[in-house]
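Peer 1: Provide a 3D model corresponding to the input given below.
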Amino acid sequence: MDYDFNFAAVWRDFDILLSGLGLGLVLAVISIAIGCLIGLCLAFAMLSKKRSIRWAATVYVSVFRNTPILVLILFTFFALPEFGINLGKIESFIVTLSVYSGAYLTEVFRSGLVSLPPGLREAGLTVGLTEFRTKILITIPVMFRRVLPALGNNFISLFKDTSLAAVIAVPELTFYARKINVETFRVIETWLVASLMYVIACSIIAAILRRTENRLAIPK
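Peer 2: Okay, the predicted model is just below:
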């Protein structure tokens, strides 16, 4: 292979690659925060005694888990305006990523809730807490500590999915990498640097999450 590597063009625009990486992290954090709210509500819905509520939650999870995220991104950005719902490209992507992650987190939280000992609820009610306050003060915090590893894995996966925002011109890392590639024709160098940035970012996130898991782990 006779190829002369030249990273000068990539380093010249390295600052915009960093800004794109930062935007991807922000998109992932916002989306997983909203996704947690969606997933938590639907997890309780799937454990509801009312069949209609369980059915509605199951349909939501089935639809969004079995639809490719790229299709959802394109539908939200290009199809929703036909129904009078106009969103900016960043807002559109956050909405898509949030509802998509919410479907996956529903199953994470549902299994976490099912695994909790029934005595937690009874203990809260015994000390005079209402059903709602028992969920907020006891059930949910304990459940979150149990599902933290799965939640961390979902966050890393969600961060990598932000690369798909480039298809609707959201200026994140992949968008800028493609722009530099087109302008400089340094294909290998551009995508090698972009890939390493994703690897390093994911490794740092994983290390932080592991440390958090260790600190919040429930003693056995």
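Peer 1: please make it C-alpha for all contacts and neighbour counts, starting now.
Peer 2: Fine.
Peer 1: from the chain's centroid, how far away is the worst-scoring helix or strand of the chain on mean pLDDT?
Peer 2: Across the helices and strands of the chain, the lowest-confidence element by mean pLDDT, DSSP states H and E is helix 119-126, at a mean of 73. Centre-to-centre, helix 119-126 and its host chain are 32 Å apart (Cα atoms, centre = their mean, to the nearest Å).
Peer 1: what comes up buried for it?
Peer 2: For helix 119-126, a neighbour-count test (16 or more other Cα atoms under 10 Å) marks 121, 124 as buried.
Peer 1: quick one, what contacts the residue nearest in space to the middle of the chain?
Peer 2: The centre of the chain sits closest to residue 158, judged by Cα atoms, centre = their mean, with a distance of 3.6 Å. Taking Cα atoms under 8 Å, 6 or more residues apart in numbering, we find residue 158 in contact with 28, 32, 97, 101.
Peer 1: so the last one sits against residue 31, correct?
Peer 2: Yes - taking Cα atoms under 8 Å as the definition, residue 101 is a contact partner of residue 31 at 7.5 Å.
Peer 1: does residue 80 really touch residue 86, like I thought?
Peer 2: Yes - under the criterion of Cα under 8 Å, residue 80 makes contact with residue 86 at 6.8 Å.
Peer 1: for this structure, which helix is longest?
Peer 2: If you go by DSSP state H, the chain has its longest helix at helix 14-46.
Peer 1: which strands or helices does that helix pack on?
Peer 2: helix 51-65, helix 89-114, helix 140-161, helix 173-184, helix 187-216 (3 or more Cα pairs under 8 Å, 6 or more residues apart in numbering; DSSP states H and E).
Peer 1: okay, buried residues for that helix please.
Peer 2: So for helix 14-46, counting by 16+ other Cα under 10 Å, buried means 14, 16-18, 20-21, 23-25, 27-29, 31-36, 38-46.
Peer 1: swap in stretch 136-149?
Peer 2: Residues of stretch 136-149 classed as buried by neighbour count (16+ other Cα under 10 Å): 138, 139, 140, 142, 143, 144, 145, 146, 147, 148, 149.
Peer 1: got the CA coordinates for that stretch in CSV?
Peer 2: Extracted C-alpha coordinates of stretch 136-149, given in CSV (Å, rounded to 0.1, in the frame of the first residue of the first chain):
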residue,chain,number,x,y,z
ILE,A,136,-40.4,8.3,44.8
LEU,A,137,-38.4,7.9,48.1
ILE,A,138,-37.8,4.2,48.3
THR,A,139,-38.7,2.1,45.2
ILE,A,140,-37.1,4.3,42.5
PRO,A,141,-33.8,5.1,44.2
VAL,A,142,-33.2,1.4,45.1
MET,A,143,-34.2,0.3,41.6
PHE,A,144,-31.8,2.9,40.0
ARG,A,145,-28.9,1.5,42.0
ARG,A,146,-29.7,-2.0,40.8
VAL,A,147,-30.0,-1.1,37.1
LEU,A,148,-27.0,1.3,37.0
PRO,A,149,-24.8,-1.0,34.9
